[in-house]
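1. Structure, please.
(one chain, ligands or ions: 2)
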Amino acid sequence: MTISLHGIGIGGGIAIGRAHLVSHTDLEVAHYEITDAEVAGEIARFDAAVRVTRKELELLWGSIPENAPTELGAFLSLHVMLLNDHTIAREPRDIITEQHCNAEWALKLQQDRLLEQFDVIEEEYLRERRTDVIQVVERVFKALAGQGGGQYVPPEDSRERILVANDLSPADMVLFKEAQFAAFLTDVGGPTSHTAILARSLNIPSVLALHNARQLIREGERLIVDGTAGVAIIDPSEAIVAEYRKRQASHAAERKRLQRLKSTAATTKDGVSIELLANIETPGDLEPVKANGAAGIGLYRSEFIFLGRDDLPDEEEQYEAYKQVVEGMKGQPVTIRTVDLGRDKMPKWADEEAQSAPNPALGLTGVRLCLAEPILFRTQLRALLRAGVHGKLKLLFPMLASLSEVSQVLFHIDQVKDSLREEGIPFSDEVQVGGMIEVPGAALTVNHLLERLDFISIGTNDLIQYTLAVDRGDDAVSHLYDPFHPAVLHLIAHVIRCADRKGVPVSVCGEMAGDARMTRLLLALGLRSFSMHPAQLLSVKQVILKSDLTCLSPLANEIERAPDADRVRELLLGVT
Ligand code: PEP
Ligand code: MG
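-> Numbers count the residues shown, from 1 in each chain. Ligands and ions are numbered 1, 2, ... in the order given. This next block holds a predicted model:
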């Protein structure tokens, strides 16, 4: 039976393919069949992992300081008890024997069973022990990973598969950049969540916030994904497939037509030149940057090198990655943002305190985390300043909220330069320093920040979230996440105006910059530099070519005076 589901479309056109279902844990848990002959070996591998985990817990137990709170001992003893219980230590062995699956998968199946049982427990204390089960099982997973257990292996025909998941973390999405699926569907996620941003950067059809796609869709089932309309069709009839094939062909023709604009200068009808830059997440993203004719990189989200791994990248590894991008852009400007971790981008190596921060969006994140972890920060600064030798590098600092943070950042940069100089290591002294304006406090006090920064970039994704108190990743409130809200536009207009008065370059690098429906609005507010996913560059350029600033600029005042988002939309209707 054909079913249509509606969610948040992330763009990328239309895909027709077969479903491939994954759960978040699947991405780190390998799933493969084993032969009769391999069963004993797999059980031995599982037993060894349980032994390693037991030893680890015992060691932890033995090293509890005398003055530690008594809860810590109780907590570890509970974990040892759970590990020794037959439900964790024995039953996965039976699953391996009966279902001929690898140890990781057997443990995952058993974990799912246990968690289901916890979900129906009414007593709160017992229900909360669910987290302890997850923590113990994760320790065993880690031990298994040290014993030949594999990472998630995508299916061989992934290019024809549509990935269906309840949720995907940004780290998972990086994995998928390599696997290359035909499309993505998820049950949750907001329009500017990092998962959405990465899906957009892959330029494949994606729909988020479908709520129960993962439950309704079966493995291998035929699907149509319309990433523009935000629709997923399960088990479509031949007639529907034929209709979507036509739409797919016209989307491809439109993209081809846009390609002709690749080398056209981005100039408005009245002759004002607009800078179009690209956002990237990994050094491997340069190909589409060139293919779409970007004038440089306006935002390289460097934190993706830090995600999805157990260790920290050292200075050399970082230097090589940054150098690759800077060199690859052959003298065009490259803006690298220092790590913006925390919130939905929590690295695996973060300690438990960070993992369970009460309100990560308001916690130790962005530049705050860097300032709190000077070794991590300075290692990155060293790698960046060294990479600056190979081209035109600019540094960008995320989530600034106050002038004091700018001063601290500049102090660290000076110190790092001094030490590189002393060590005789070549680095660039010309690197410009910029700040992201994505916290309302920074937007309101931007005049002071501009005194010390060489350029600024407005991060509208976070600016909207913090101005309107709407979690950008939560689809339950995504209808309230409105870039046209006058409060957001006031802040953007204020920041652009202040930067212009001081002659400091200003750009927008949030998702607004790549949404062709907002190009005229931003032009009206005075923006002349946009940074976006490479795949969006040509459609934004197309709008710019048809826009006339002499018509748009007078709208700025009215936009700022608008009482609500609807009035702003109305004002923009029909203007060129
Ligand atoms: C933003 O907040 O607009 C931004 C560009 O940064 P990120 O999306 O990585 O938080
Ligand atoms: Mg941000």
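2. Okay, strands next: where are they in the stretch 301-450 of the chain?
-> Using DSSP state E, counting those that start in this stretch, the strands of the stretch 301-450 of the chain run over 333-337, 392-397, 432-437.
3. Adding mean neighbour count, mean pLDDT and distance to A516, write the ones you listed out as JSON lines.
-> C-betas here are computed from N, CA, C, even on glycine. As requested, these are exported to JSON lines (neighbours: other Cβ atoms under 10 Å; pLDDT from 0 to 100; distance: least, Cβ to Cβ, whole Å):
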{"stretch": "strand 333-337", "mean neighbour count": "24", "mean pLDDT": "98", "distance to A516": "22"}
{"stretch": "strand 392-397", "mean neighbour count": "24", "mean pLDDT": "98", "distance to A516": "24"}
{"stretch": "strand 432-437", "mean neighbour count": "23", "mean pLDDT": "98", "distance to A516": "23"}
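4. Looking at the ones you listed, spot the one closest to ligand 2.
-> Of all the strands of the stretch 301-450 of the chain, it is strand 432-437 that lies closest to ligand 2, at 6.4 Å by Cβ to the ion.
5. Pull the residues that contact that closest one.
-> The contact list for strand 432-437 (Cβ atoms under 8 Å, 6 or more residues apart in numbering) reads 335, 337, 366, 394-400, 406, 409-410, 413, 442-443, 446, 449, 453-459, 463, 495, 509.
6. Direction-wise, compare it with strand 333-337 and give the angle.
-> Between the axis of strand 432-437 and that of strand 333-337 there is an angle of 50 degrees, by axes from the mean of the first three to the mean of the last three Cα atoms, to 10 degrees.
7. circling back: of the contacts of strand 432-437, list those near ligand 2.
-> By Cβ under 5 Å from the ion, the members of the contacts of strand 432-437 lying near ligand 2 are G459.
8. What subset of the contacts of strand 432-437 is buried?
-> Listed as buried from those are 335, 337, 366, 394-400, 406, 409, 413, 442-443, 446, 449, 453, 455-459, 463, 495, 509; burial here means 16 or more other Cβ atoms under 10 Å.
9. From the residues you listed, which land in helices?
-> G366, V406, V409, I413, A442, A443, V446, L449, L463, V495 (DSSP state H).
10. for the fifth one, what are its contacts?
-> So that's A442. The contact partners of A442, by Cβ under 8 Å, 6+ apart, come to L400, A401, S402, G435, M436, L449.
11. need these in CSV with distance to D351, can you?
-> As requested, the contacts of A442 are arranged in CSV below (distance: Cβ to Cβ, whole Å):
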residue, distance to D351
L400, 24
A401, 23
S402, 26
G435, 28
M436, 25
L449, 31
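12. Of all pairs in these, which one is the farthest apart?
-> For the contacts of A442, the farthest-apart pair by Cβ to Cβ is S402 and M436; their separation is 13.2 Å.
13. Okay, and F530 sits in which element?
-> strand 529-532 (DSSP states H and E).
14. Give the next helix or strand downstream of that strand.
-> helix 537-545.
15. Quick one: distance of that next one to the chain centre.
-> Relative to its chain's centre, helix 537-545 lies at 25 Å (Cα atoms, centre = their mean, to the nearest Å).
16. Please apply the same query to stretch 36-50.
-> Distance, centroid of stretch 36-50 to centroid of chain: 37 Å (Cα atoms, centre = their mean).
17. swap in stretch 193-210?
-> The chain centre lies 9 Å from the centre of stretch 193-210; the measure is Cα atoms, centre = their mean.
18. and it, does that touch ligand 2?
-> No. Interface with ligand 2: stretch 193-210 contributes nothing (Cβ under 5 Å from the ion), its closest point being 9.0 Å away.
19. what mean pLDDT does that stretch have?
-> With pLDDT averaged residue by residue, stretch 193-210 scores 85.
20. Point to the residue nearest the middle of the chain.
-> Centroid-nearest residue in the chain: H194, 2.8 Å away (criterion: Cα atoms, centre = their mean).
21. re earlier: please identify which pair of the ones in helices among the buried ones among the contacts of strand 432-437 lies farthest apart.
-> The distance between the two most remote of these (Cβ to Cβ) is 24.7 Å, for I413 and L463.
22. Show me what from this structure comes close to ligand 1.
-> I197, L299, R301, D340, E438, G459, T460, N461, D462, C509, G510 (Cβ under 6 Å from any ligand atom).
23. Thought I464 was touching the fifth one, still the case?
-> Put plainly, it is E438. No. The criterion here is Cβ atoms under 8 Å, and E438 misses it with I464 at 9.1 Å.
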